[in-house]
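[1] Attaching a predicted model along with its sequence, questions to come.
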Amino acid sequence: MAYTASDAFCAATDVEGLVGRGAFTSSTVPTAQQVLDWMARVAAEVESKLFESSLNYTVSTHGTPFPATPTDPKVFRAKVLAESANALGAAAIVLEIHGVKDSDGKSYEGKVLRDQYNEVLAALGAEVDSFSAYANVSRTNTTDLAITTTTEF
């Protein structure tokens, strides 16, 4: 399946900037389509991280998974982290496959970006987990209020 730019949280220019080789086209190595495919696959990992904490922002809304200018600061931070993680993960793949390799066949730049991707993905998870860390309790509306055996006061 050929993915498009709307199947990722980031833009191809974000990946191009991290890789530092200029624009990807149909005649570059990797091709622009390969980069789009990797962006979409990394976006699935980012979606999974969001879903772990019941935050259902996905790229299935094609290009606008988050509000363009979120008014909630937590949603804004999640948006920026999702975009950053997506770009870092895709750029890491580009460099791991097509980057300059050392004597062991490893790409140092790819590893650096992979490590940054993992850190940003963890930060995204922590940010999203903080969404549910705050209870919404109203003294007048108790419709969805429940006390469970793990509730502490």
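    Okay, I see it. Predicted model, so just to flag it, every value in this text is computed and none were measured. Residues are numbered from 1 along each chain as shown.

[2] who's in contact with residue 94?
    By C-beta atoms under 8 Å, 6 or more residues apart in numbering, residue 94 lies in contact with 15, 19, 30, 35, 38, 110. The way it works is simple: take the backbone N, C-alpha and C, and place the C-beta from them, glycine included.

[3] Go through the residues you listed and give me the one with the most neighbours.
    With neighbours defined as other C-beta atoms under 10 Å, the most crowded of the contacts of residue 94 is residue 15; it has 26 neighbours.

[4] Of the contacts of residue 94, which is the nearest to residue 98?
    Nearest to residue 98, judged by C-beta to C-beta, of the contacts of residue 94 is residue 30 at 5.4 Å.

[5] correct me, but that closest one touches residue 24?
    Yes - assessed by C-beta atoms under 8 Å, residue 30 is found in contact with residue 24 at 6.6 Å.

[6] Report the two of the contacts of residue 94 separated the most.
    35 and 110 (13.9 Å).

[7] Which residues outside stretch 25-42 are in contact with it?
    The contact list for stretch 25-42, computed with C-beta under 8 Å, 6+ apart, reads 2-5, 7-8, 10, 12, 15-16, 21, 23-24, 59, 85-87, 89-90, 93-94, 97-98, 117.

[8] still on that earlier bit, and of the contacts of residue 94, the nearest to residue 66?
    residue 15 (18.6 Å).
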